[in-house]
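Here is the input, now give the coordinates:
(one chain, ligands or ions: 2)
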Amino acid sequence: MTLDFTLNGKPVLLECTADTRLTDILREHLARTATKLACGIGRCGACSVLINGRLANACLLMAFQLEGADIMTVEGLLAHPLGQAVREGLAEENAFQCGYCAPGVSLALVALFAEQPDAGEREIRAGLEGNLCRCTGYHSIIRGALNAASRIRTAQLR
Ligand code: FES
Ligand code: FES
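Ligands and ions are numbered 1, 2, ... in the order given. Here you go, the predicted structure:
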């Protein structure tokens, strides 16, 4: 099929089979490798992307579901109004160890703060339930998320 969608604000047109997964479209067809593949079955959140502003697992989406979609990966983070605050909040708290979960966690936080600008620790923990960290660095990730939330409130990015 011919697939037409928007990736990080830019139009994309490519040929692929209808059952090609979004993780493969991004990583293999477009060489955008920041979106990670781990479990491949929707359990870990490593492949998290935003589809039309909503958090989704790229490993569960196929080409036939993506026609006309507005897709954001972590490569587009800084173009999002909340992206800088999320990145700086996480970086200042050294939130990650190996960093494999970082793209998914970052996008999960953007989705959360876009929907709940006043999210506190409870909402952040709930918002990150679908994102596993194999380095088990959850304390630093939560600190980073709280730091990002504080930056968003201070800058009134709501
Ligand atoms: S790789 Fe998609 S949820 Fe784990
Ligand atoms: S920092 Fe290594 S998986 Fe999260």
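
List the beta-bridge partners for Arg21.
Counting by DSSP bridges, Arg21 forms beta bridges with Met62.

what about it, distance to Tyr138?
Counting by Cβ to Cβ, to the nearest Å, the separation of Arg21 from Tyr138 is 28 Å. From N, CA and C alone the C-beta is placed, and that goes for glycine too.

Over to Ala58?
According to Cβ to Cβ, Ala58 and Tyr138 sit 23 Å apart.

So the two - more neighbours on which side?
Ala58 (25 against 14; other Cβ atoms under 10 Å).

Could you double-check that that one sits in contact with Arg27?
No: between Ala58 and Arg27 there is no contact under Cβ atoms under 8 Å: 9.1 Å.

Next, show the common contact partners of the two.
Thr35 (Cβ atoms under 8 Å, 6 or more residues apart in numbering).

Alongside ligand 2, which residues does this protein contribute?
Within the chain, the residues that sit near ligand 2 (Cβ under 6 Å from any ligand atom) are 96-101, 133-135, 137.

Which members of those are classed as buried?
The neighbour count (16 or more other Cβ atoms under 10 Å) marks 96, 100-101, 133, 137 as buried among the residues of the chain next to ligand 2.
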